[in-house]
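J.: Based on what follows, work out the 3D shape:
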Amino acid sequence: MPAYRPVEVSFGKQNWSPDQRAWFYHTAQGTVLLPYKWFLALEQPEVKLFATVPKFADAAYLARFGFLPDAASPQNPNGLPVGFAKDTVVDPTSGQTVEVLGLTCAACHTGQVEYRGKGIRIDGGSATIDLASFQTELGYAVGFTDGVPFRFNRFARVVLGKNASDADKRKLRQDLRGLLNAGKAENDAAVAGKLYDTVGGFGRTDALGRIGNLVFGTELDKANLRVANAPANFPPLWFTSWFNWVQYNASIQQPMVRNIGEALGVRARVNLTDPSKLYRSTVNVKNLWEMEGLLAGPTAFAGLRPPAWPAEVFGAIDQGKMQKGAELYKQHCQHCHLPPLNSPEIQDPKYWEAGWDGKRFLKLNVIPLDEIGTDPREATDWAQRTAVTEALGLGTVPAKVGLRAVTGKIRDMNYDALGLSAEQRMEWNGFRDDGVDAPLAYRARPLGGLWSTPPFLHNGSVPSLYQMLLPADRRDKTFYVGSREFDPKNVGYSTAKLKGGFEFRTDQPDDPHPGNSNAGHEFRNTPGKGVIGPELSDEDRWAIIEYLKTL
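T.: This next block holds a predicted model:
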């Protein structure tokens, strides 16, 4: 884990007030990591003789996993990092009300770029967190609490108070071991099945793979566990509410379905085995709707906006290069990525499709795998996945059918409990159907704010915008991720060897871990799979980059 290095942080003009930003950072979506008091009481997983062991919740320690420190506030009473939430949920199995720690949308969708001691916060951007390492170390911290002498007593004193009875301590120990055993069983299944041998590292996770494993495997039947070997970048959120289909593989149509699925993937609980309690969950549908409204705004592109290039920190835009780059973008990029969303041209009806109640949504281009040529695993894994549904009574179904059924039931049960009218349900559904698909393709999103979301391609296998415009055989085959130090010339993060960083290795013929290919999306003169245009001159590459900084 990289050491924490504090920087002076500023916030760009992205159409959010400080209050809206703080609300997004710490509003719960129903995810459950462990009881809230337990998290505050846990110590870091190290052994120190005759010395105090720091708390796991220490901001500097959590920053080593990429989490962004944040100040204490009424919504964040213990000063936890961006993306952590204190929440109260009803356990869908026991029916008990529990105060828990959860992760919010902001954990994965808040970025920060840094340069010479200055940090620029990117709200709705791509986070650089290492979720897998965080979860591993959290598991070790729980294990150390149970197994290392004197730790449990210190833990119990914080959780229960210094005057707790022996009976209360025994109950706490029992509950702690229950959590530990459940986590061990889940980890043992992952190791035995080699489920996560393709490591995501900083800034990536196999979202669809983990959603499938947690929903269909952990919550339903271990036979449904599958290898998740397609880690993908955390995508930026601006404008996404107005896309007709989302996910890198254009697999989900409705915002509420997407957001419920995302919450389940980050460990919201759902009961899928007890016929008397089917589909009861901890998902907070009301908060998910309010988050979507904050991101979307009242009309298309009136919500969260991409950050502007900070010329005062990174240097001014070269206007001559930028103007040339605009013509090159129109020639080489626009046919897939659409006209810039701040241009009059985007209002042409051909770029839009109709939703419900007169709403319209941006029609993204979906490019077949054989045409784009980038790593296929994100799309093929999802298309090939099936689930045995047991108590749900659906038989063996494609994952797209199972996800639609589970998220739809959770959604509708919450709508019923909230007493929503037909008109309100239409609004909360984002004025569109709840389609879930599995095309063998990737969608090409508009490139506004692209500069702030390195590394590139859906799987983060290309470190800079400059290398994105090179033939694939000239792109770095190995580089480090985990640093937020920005390179304003090549437009990417520093890729130098980093103590505690993650070494990203793109696929080689003898690589046993697929999912990291940096092929495809190439500009070169030799035709072939993944070649989307002729090879560019260096002058043209720099001009396109200069233009992309302005979107």
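J.: So Asn287, which state does it fall into?
T.: Secondary structure, DSSP: H, G, I helix; E, B strand; the rest coil: Asn287 is helix.
J.: Test my guess that it contacts Gln29.
T.: Yes - taking contacts as CB atoms under 8 Å, Asn287 lies within contact range of Gln29: 5.7 Å. All C-beta atoms are positioned from the backbone trio N, CA, C, and that covers glycine.
J.: Which of these two has more residues huddled nearby?
T.: Higher neighbour count among Asn287 and Gln29: Gln29, with 26 against 20, using other CB atoms under 10 Å.
J.: Now do that one against Phe84, distance only.
T.: In this structure, Gln29 and Phe84 are 12 Å apart, going by CB to CB, to the nearest Å.
J.: what residues do these two have in common as contacts?
T.: Each of Gly102, Thr104 lies in contact with both Gln29 and Phe84 under the rule CB atoms under 8 Å, 6 or more residues apart in numbering.
J.: and the spatially closest residue to Ala399 that is not a sequence neighbour, how many neighbours does it have?
T.: Leaving aside its chain neighbours, Ala399 sits nearest to Arg385 (3.8 Å; criterion: CB to CB, 6 or more residues apart in numbering). Counted by other CB under 10 Å, the residues lying close to Arg385 total 20.
J.: where do the strands sit along the stretch 401-550 of the chain?
T.: Secondary structure of the stretch 401-550 of the chain (DSSP state E, counting those that start in this stretch): strands located at 441-444, 478-481, 486-487, 492-493, 502-505, 522-523, 531-533.
J.: pLDDT value on the residue nearest to Ala399, please?
T.: Confidence per residue is given as pLDDT, and for Arg385 that number is 97.
J.: and stretch 118-130, average pLDDT?
T.: If you average the pLDDT values across stretch 118-130, you get 97.
J.: Likewise for stretch 151-158?
T.: Across stretch 151-158, the per-residue pLDDT values average to 95.
J.: contacting residues around it?
T.: Applying CB under 8 Å, 6+ apart, the external contacts of stretch 151-158 come out as 37-38, 40-43, 53, 144-146, 164, 169, 172-173, 176.
J.: Quick check: buried residues in that stretch?
T.: If you call a residue buried by 16 or more other CB atoms under 10 Å, then stretch 151-158 has these buried ones: Arg151, Phe152, Phe155, Ala156.
J.: so the residue nearest to Ala399 makes contact with Gly212?
T.: Yes - taking CB under 8 Å as the definition, Arg385 is a contact partner of Gly212 at 5.8 Å.
J.: Quick check: neighbours shared by the two?
T.: A shared contact of Arg385 and Gly212, defined by CB under 8 Å, 6+ apart, is any residue touching both; here these are Arg226, Ala399.
J.: Contacts only, for Gly500.
T.: Taking CB under 8 Å, 6+ apart as the definition of contact, the neighbours of Gly500 are Met1, Pro2, Ala3, Arg64, Gly482.
J.: Same question for Phe301.
T.: If you count contacts by CB under 8 Å, 6+ apart, then Phe301 has Phe239, Trp242, Leu341, Asn342 around it.
J.: ok, 6 Å please
T.: The contact partners of Phe301, taken as CB atoms under 6 Å, 6 or more residues apart in numbering, are Phe239, Leu341.
J.: Asn181 belongs to a helix, doesn't it?
T.: Yes - checked against three-state DSSP, Asn181 lies within a helix.
J.: gap between it and Phe523?
T.: When CB to CB is applied, the distance between Asn181 and Phe523 equals 53 Å.
J.: What of Pro306?
T.: Here Pro306 is placed at a distance of 24 Å from Phe523 (CB to CB).
J.: more crowded one of these two?
T.: Between Pro306 and Phe523, counted using other CB under 10 Å, Pro306 has the larger neighbour count: 28 against 19.
J.: Not counting its neighbours along the chain, what's nearest that one?
T.: That would be Gly449: by CB to CB, 6+ apart, it lies 2.6 Å from Pro306.
J.: so who does the one you found touch?
T.: Under the criterion of CB under 6 Å, 6+ apart, the contact partners of Gly449 comprise Pro236, Pro306, Pro307.
J.: For Asn429, state which of those residues is nearest.
T.: Nearest to Asn429 among the contacts of Gly449: Pro236, at 22.9 Å, using CB to CB.
J.: Now for that closest one, how many residues are close by?
T.: Around Pro236 there are 23 other residues, counting by other CB under 10 Å.
J.: Now do it, the pLDDT please.
T.: The predicted structure scores Pro236 at 97 on the pLDDT scale.
J.: Find the helix or strand that it is a member of.
T.: Under the assignment given by DSSP states H and E, Pro236 is not contained in any helix or strand.
J.: can you pull the contacts of it?
T.: Pro236 is in contact with Gly124, Gly125, Ser126, Gly449, Thr453, counting by CB under 6 Å, 6+ apart.
J.: Number of residues surrounding the last one?
T.: The number of residues packed around Thr453, counting by other CB under 10 Å, is 22.
J.: residues in contact with the residue nearest to Ala399?
T.: Neighbour list for Arg385: Gly212, Arg226, Ala399 [criterion: CB under 6 Å, 6+ apart].
J.: Format these as JSON lines; extra columns: distance to Phe11, neighbour count and secondary structure.
T.: Shown next, in JSON lines, are the contacts of Arg385 (distance: CB to CB, whole Å; neighbours: other CB atoms under 10 Å; DSSP: H, G, I helix; E, B strand; the rest coil):
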{"residue": "Gly212", "distance to Phe11": "36", "neighbour count": "26", "secondary structure": "helix"}
{"residue": "Arg226", "distance to Phe11": "40", "neighbour count": "19", "secondary structure": "coil"}
{"residue": "Ala399", "distance to Phe11": "39", "neighbour count": "25", "secondary structure": "helix"}
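J.: closest to Ala106 among the residues you listed?
T.: Using CB to CB, Gly212 comes nearest to Ala106 of the contacts of Arg385, at 23.6 Å.
J.: wait, that closest one sits on Lys400?
T.: No - assessed by CB atoms under 6 Å, Gly212 is found out of contact with Lys400, at 10.2 Å.
J.: Tally up the residues packed near the residue lying closest to Ala71 once chain neighbours are set aside, please.
T.: With CB to CB, 6+ apart as the measure, Gly79 is the residue that lies nearest to Ala71, at 6.1 Å, once sequence neighbours are left out. Gly79 has 14 neighbours, counted by other CB under 10 Å.
J.: Tell me the pLDDT of Gly79.
T.: What the model reports for Gly79 is a pLDDT of 97.
J.: do Pro231 as well
T.: Value for Pro231, per-residue pLDDT: 96.
J.: From Asp197, how far out is it?
T.: Distance, Pro231 to Asp197, by CB to CB: 11 Å.
J.: and the two? which has more neighbours close in?
T.: Set side by side, Pro231 and Asp197 give different neighbour counts by other CB under 10 Å, the larger being at Pro231 (29 against 15).
J.: from memory that one sits against Asp206, does it?
T.: Yes - under the contact definition of CB under 6 Å, Pro231 touches Asp206, with a separation of 4.9 Å.
J.: Considering the contacts of Pro236, which is situated nearest to Lys409?
T.: For Lys409, the closest of the contacts of Pro236 turns out to be Gly124, at 28.8 Å, with distances computed as CB to CB.
J.: How about that closest one, nearest residue that isn't a chain neighbour?
T.: Leu237 (3.8 Å).
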